[in-house]
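**Student:** pasting the sequence and the predicted coordinates here, then a few questions.
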Amino acid sequence: MSERLERVAAHIPAGARLADIGSDHGYLLVALMTRGVIAAAVAGEVALTPFHAAQRTVRENGLSQRIAVRLANGLAAIEPEDRISAISLCGMGGETIRDILDRDKARLTGYERLILQPNGGEQPLRQWLMDNGYRILHEEVLRENRFNYEIIVAERTGPVRYSTQELYFGPLQLQKRSPAFLAKWQRLLHLKRRTLTHFAQARQAVPEDKVQELTQQVGWIVELLVQA
């Protein structure tokens, strides 16, 4: 597996009954089942091509009796009798992950661990977690193939409050300030400053609220890096 999926795998509890929604050929589930980490698994795919790819990976590894591959939209892949204890959603935008969780909230028991690996859009995803009583237990940034990836692990604990900046950067990321986290925001600071310059040079007026939002974000990032 890739380093990204290995880091996701590290947060799957031993003995978990795992549903991987958007399973990327089923690689994560096959690896965890082969290693004896998980007790049962469901791979959910919304489109036929990845569905068949996951079926093939599972079949070629002799795990068809232990990993259920289902063609379904989001959490609709999960049945009550699966008794799922962990759900992973990896490799999608944070807004997409949020929408999947929100659309199928009724299928969540509230006892599942969520292991999320958004490709961008972390802020709205954290907002959803907070609004729905999920506490963030772990966050990390890793860089692979010139891309930054974030992993967010959360469990439902009841009311939790995060500040605007904690939602933007990640509450635990702000505490740890790992080298990978700081490097990510150093790169983003450069990009956001360049965007502000383009806004200033644009022939057509850019909406003021958009300029103000970006200016505020640049200020937050500068403050973060100065304190590092």
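**Tutor:** The structure has been received and is ready for your questions. Residues are numbered from 1 along each chain as shown.
**Student:** residue 124 against residue 98, yeah?
**Tutor:** Yes. Using C-beta atoms under 8 Å, residue 124 is in contact with residue 98, at 5.5 Å. For the C-beta atoms, the positions are set from N, CA and C on the backbone; glycine is no exception.
**Student:** how is this protein carved up into domains?
**Tutor:** Following the TED database, one finds the domains of the chain at 3-161, 182-227.
**Student:** hey, which of the ones you listed is tucked in deepest?
**Tutor:** With neighbours taken as mean count of other C-beta atoms under 10 Å, the domains of the chain reach their highest mean count in domain 3-161, at a mean of 18.
**Student:** start and end of that one, how far apart?
**Tutor:** Length of domain 3-161, first residue to last, C-alpha to C-alpha, to the nearest Å: 31 Å.
**Student:** repeat that for stretch 139-153.
**Tutor:** 6 Å.
**Student:** so how far is that stretch from its chain's centroid?
**Tutor:** Centroid displacement of stretch 139-153 relative to its chain, using C-alpha atoms, centre = their mean, to the nearest Å, is 9 Å.
**Student:** got a list of contacts for that stretch?
**Tutor:** Outside stretch 139-153, the residues that touch it by C-beta atoms under 8 Å, 6 or more residues apart in numbering are 2-4, 7-8, 11, 113-119, 122, 125-126, 129, 136-138, 170-173, 176, 178, 180-181, 183-184, 187.
**Student:** for the protein, which helix is longest?
**Tutor:** helix 179-201 (DSSP state H).
**Student:** what comes into contact with that one?
**Tutor:** With C-beta under 8 Å, 6+ apart as the criterion, helix 179-201 contacts 140-143, 148, 169-170, 173, 206, 210-211, 214-215, 217-218, 221-222, 224-225, 228.
**Student:** let's see which of those residues end up in strands.
**Tutor:** Counting by DSSP state E, the part of those found in strands is 140-143, 148.
**Student:** let's see which of the contacts of stretch 139-153 end up in helices.
**Tutor:** Going by DSSP H, the helices hold 3-4, 7-8, 122, 125-126, 129, 171-173, 176, 180-181, 183-184, 187 from these.
**Student:** extract the CA atoms of the longest helix of the chain and return them as CSV.
**Tutor:** The C-alpha coordinates for helix 179-201 follow below in CSV (Å, rounded to 0.1, in the frame of the first residue of the first chain):
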residue,chain,number,x,y,z
PRO,A,179,7.2,19.8,10.3
ALA,A,180,4.9,18.4,7.6
PHE,A,181,2.0,20.6,8.8
LEU,A,182,4.2,23.8,8.9
ALA,A,183,5.6,23.0,5.4
LYS,A,184,2.1,22.6,4.0
TRP,A,185,1.1,26.0,5.3
GLN,A,186,4.3,27.6,4.1
ARG,A,187,3.5,26.4,0.6
LEU,A,188,-0.2,27.5,0.9
LEU,A,189,0.9,31.0,2.1
HIS,A,190,2.9,31.5,-1.1
LEU,A,191,-0.1,30.4,-3.2
LYS,A,192,-2.6,32.6,-1.3
ARG,A,193,-0.3,35.6,-1.5
ARG,A,194,0.0,35.1,-5.3
THR,A,195,-3.8,34.8,-5.6
LEU,A,196,-4.2,38.1,-3.7
THR,A,197,-1.7,39.7,-6.1
HIS,A,198,-3.7,38.4,-9.1
PHE,A,199,-6.9,39.8,-7.5
ALA,A,200,-5.3,43.2,-7.3
GLN,A,201,-4.3,43.1,-10.9
